[in-house]
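Colleague: Model the following, please.
(chains A and B)
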Amino acid sequence: MNKLSRRAVLGAAAATASLPLVHIRSAAAAGKLTLGLWDHWVPAGNAAMRKIIEGWADKNKVEVSIDFITSVGNKNLITIAAEAQARTGHDVQAFQAWDVHNYQQELEPMDDVVAPLIAKYGKVNPVNEYLSKIGGHWLAVPSSSGTQYKPSSARISFFRDAGLDVQAMYPARPEHTALSDQWTWQKMLELAPKAQQAGLAFGLGLGQTTDSVDFVGALFHGYGAELVNAKGEITVDSDPVKQALEYMAKLAPHLPPDVYSYDDASNNRALISGKSALIFNPPSAWAVAVRDNRPVGEDCWTFPNPSGEKGRFVPYLPYSWGIWSFAKNKSAAKDLLSFLCQREQVEALCTAVDGYDIPPFLSMADFDVWAKVGPPLGTVYNYPIRPWHNATPSIAGFPAPPDIAVQIYNRATMTTMVAKMTQGGQSMKDVIAWAKDELEGFTR
Amino acid sequence: MRRFLQRRSTVAFLMCLPLILLIGGLVVYPALYAIYLAMLNKRMTQFVGLGNFEFLLRRATFHLVMFQSCLFAVTAVAAKALLGFLLAHLMHVIPGRHQRIWRGLLLIPWVVPLALSTLGWWWLFDPSYSAFNWLLAKLGAPTVPWLGATGWARFCMILVNTWYGTPFFMIMYLAALKSVPEQLFEAAAIDGAGAWGKLRFVTLPMMRNIISITVLFSLIVTFADFTIVRILTNGGPRDTTHIFATYAFQMGIQSGDIPLGAATSLFMLPILAVASFFILRGVSRRDREMAAA
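Modeller: Residues are numbered from 1 along each chain as shown, chains lettered A, B, ... in the order given. Prediction:
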């Protein structure tokens, strides 16, 4: 019989004890993942996002690091541009509306993530499709975080006194009203002088930033006015464009004189300070009014934009999540994005930000949060487009090919056209000639 | 090796090497890379030579940008030079301790981060809450669309740049003034020169080089300014306040056309090169004249 030495027994025991340790999965068993996400306006948004992602990371043993990158000063755009040039950085980035097109060559196809989501949740917002589906392939996953509509945010009391009960027009229940059909650009034009006389001129920007561009873009769509058509042909010299410009020429004198220098915060301030009866904005202005000027906040109601001859268009500005082609952990990134787009996660994020975020899947426009938020209760019920609104999501520049539309949008071609005519005193002919020249440059 | 290291020029080169590498990495490489980018097509897949520059020169909006960049830089630098000159003279006559206090106070605009101070100015000009308009309204005067009308918006940009940059001129001129020998003024006084005469025949000739260098330096910085326009007007209204840097940003970063953005920003180069050539030639000529005298 072989004698077992004490040393051999201890060695065997130590080896046996260490076996399970070898098989324990570490926190980074499935690798590391770095995310560059949009820094949410609503502070609770980042915390909710972090909590959801950490839960997923723990379960899947992925070491995740998140950077919330602000869009203030376009820091997110600059970060994305730098990462694309250096071909290194985060695995996942949050892309603003047009960036998916701008960086299409550096993005990983996401069909295997988006197709199952569409199969499960149905149609995705058409603007998302326009911006993120390129050459028949999804290059980014539509995200709810930061995605917004810019509907009417109006003072109930002014409109009631002016003969339009906005709460009856768009009640906080699933109902189409005959009154809502009267909410047209023409009706708004009739009310504009009354608002001006009441010291509540509509705060509709004609500057160069997104709120101004989105408002004028939705108006142009309402008139069927396209600067460049889907084939890339310049169509600015057309009757619908002239009609839209004529409309703006009538409206502009009744807007505040400083609308030409409005940025994306100016219209919010106009509403919050009680100086304006109508702006086109997500409910963030209302939320701040509730906090800083409660009587104004309690007097606000959110509902779709006016309609024109060609329909009712509500500006939509989406975010998408994309994975760089040079990302190091694509499979984990795709798993995470798929997880984040499930209804439970989207609803949790949306609820955390009091309904600010708009889900890209149309079937998700029924979350409870929009009915429960107030004061007044139901004020943002009509913030997401509902089926009975008969409204279409819109982005300025559509239906031009996105590489042209992005320039129309970011160069604020439409608001500049309006401003040249209404502020600069140029004739419509000159303005259209100028726009034609600009558009020729965009289509190079 | 020992002999090699003992050569003074080698040692000097080695000691300068870190700086040369720093300049190479942070100045030369980015500049060459910008030139390379400016010669690519929008998708950065094809070499287009000078195509982007040619394209820009055909656009009416770019002509406006060139005009505005020159207007902004030249007017702001002229205003800063004039005000800086006046302030330096006023400062020069304030005695001892008081001068230090005033100098410190007047330097504040220059040491406050520009983005923050411009935000402060923006609040003063803000469309809804302008403090200036509040004052005007209190006085019964009509309010002014500070950032909403072309003329006023350009004025505001130049005003903020002048406010920020004047202390730099003042401190440079003050240093130059202090280096002018007192005997020259005394001699001029004996020759019957008054205040104007002293300024014309003593102060200005003695300060000419420092004025030129300061103007050149400020011209470069002002031409490349981005912060003030970006924060105050973002190029509006109707593109009438865009300058090279803001237009390049809008083209390159916001509209996804990095080559066109790079080409736009490179347009500053020839303008500044010509200005530098003439200003530096003047400085060298005066140096030679003084050395000969």
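
Colleague: When you work out contacts or count neighbours from here on, use the C-alpha atoms and nothing else.
Modeller: Will do.

Colleague: Checking residue A:323 next. Helix, strand or coil?
Modeller: strand (DSSP: H, G, I helix; E, B strand; the rest coil).

Colleague: so it makes contact with residue A:95?
Modeller: No: with contact defined as Cα atoms under 8 Å, residue A:323 does not count as touching residue A:95 (9.9 Å).

Colleague: For residue A:293, give its distance to residue A:272.
Modeller: Distance of residue A:293 to residue A:272, computed by Cα to Cα, to the nearest Å: 7 Å.

Colleague: which one of those two has more residues nearby?
Modeller: residue A:272 (25 against 16; other Cα atoms under 10 Å in any protein chain shown).

Colleague: mind listing what that one touches?
Modeller: Residues near residue A:272 by Cα atoms under 8 Å, 6 or more residues apart in numbering or on different chains: A:285-286, A:288-289, A:292-293, A:296-297.

Colleague: Name the residues of the stretch 1-150 of chain A found near chain B, please.
Modeller: Residues of the stretch 1-150 of chain A lying near chain B by Cα under 8 Å from any Cα of the partner chain: A:77-78, A:81, A:99, A:102-103.

Colleague: Which residue ranges of chain A form strands?
Modeller: For chain A, the strands defined by DSSP state E cover A:32-38, A:63-69, A:92-96, A:133-134, A:137-138, A:141-149, A:152-155, A:278-280, A:300-303, A:307-308, A:311-323, A:391-394.

Colleague: any chance of those strands in TSV, plus mean neighbour count and distance to residue A:401?
Modeller: Converted to TSV, the strands of chain A look like this (neighbours: other Cα atoms under 10 Å in any protein chain shown; distance: least, Cα to Cα, whole Å):
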stretch	mean neighbour count	distance to residue A:401
strand A:32-38	21	26
strand A:63-69	17	29
strand A:92-96	25	17
strand A:133-134	18	10
strand A:137-138	20	16
strand A:141-149	25	19
strand A:152-155	25	28
strand A:278-280	27	26
strand A:300-303	29	30
strand A:307-308	23	23
strand A:311-323	26	17
strand A:391-394	21	14
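
Colleague: between these, which gets nearest to residue B:132?
Modeller: strand A:278-280 (24.9 Å; Cα to Cα).

Colleague: which residues touch that closest one?
Modeller: Here strand A:278-280 has contacts from A:150-155, A:201-204, A:211, A:215, A:267-268, A:271, A:305, using Cα under 8 Å, 6+ apart.

Colleague: Specify which member of those residues is nearest to chain B.
Modeller: Nearest to chain B among those, counting by Cα to the nearest Cα, is residue A:267 at 8.9 Å.

Colleague: Quick one, grab the pLDDT at that closest one.
Modeller: In this model, residue A:267 is scored at 93, pLDDT.

Colleague: Let me see the contact set for the closest residue to residue B:89 other than its chain neighbours.
Modeller: Distances taken as Cα to Cα, 6 or more residues apart in numbering or on different chains put residue B:174 closest to residue B:89, at 7.2 Å, once the chain neighbours are dropped. By Cα under 8 Å, 6+ apart, the residues touching residue B:174 are B:88-89, B:91-92.

Colleague: on that earlier part again, and the buried ones among the contacts of residue A:272, selectable in ChimeraX?
Modeller: To isolate the buried members of the contacts of residue A:272 in ChimeraX, using 16 or more other Cα atoms under 10 Å in any protein chain shown:
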select /A:285,286,288,289,293,296,297
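
Colleague: Now render the contacts of residue A:272 as JSON lines, adding distance to residue A:139 and pLDDT.
Modeller: Below are the contacts of residue A:272 laid out as JSON lines (distance: Cα to Cα, whole Å; pLDDT from 0 to 100):
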{"residue": "A:285", "distance to residue A:139": "32", "pLDDT": "93"}
{"residue": "A:286", "distance to residue A:139": "34", "pLDDT": "94"}
{"residue": "A:288", "distance to residue A:139": "35", "pLDDT": "91"}
{"residue": "A:289", "distance to residue A:139": "38", "pLDDT": "94"}
{"residue": "A:292", "distance to residue A:139": "41", "pLDDT": "93"}
{"residue": "A:293", "distance to residue A:139": "43", "pLDDT": "95"}
{"residue": "A:296", "distance to residue A:139": "42", "pLDDT": "97"}
{"residue": "A:297", "distance to residue A:139": "39", "pLDDT": "96"}
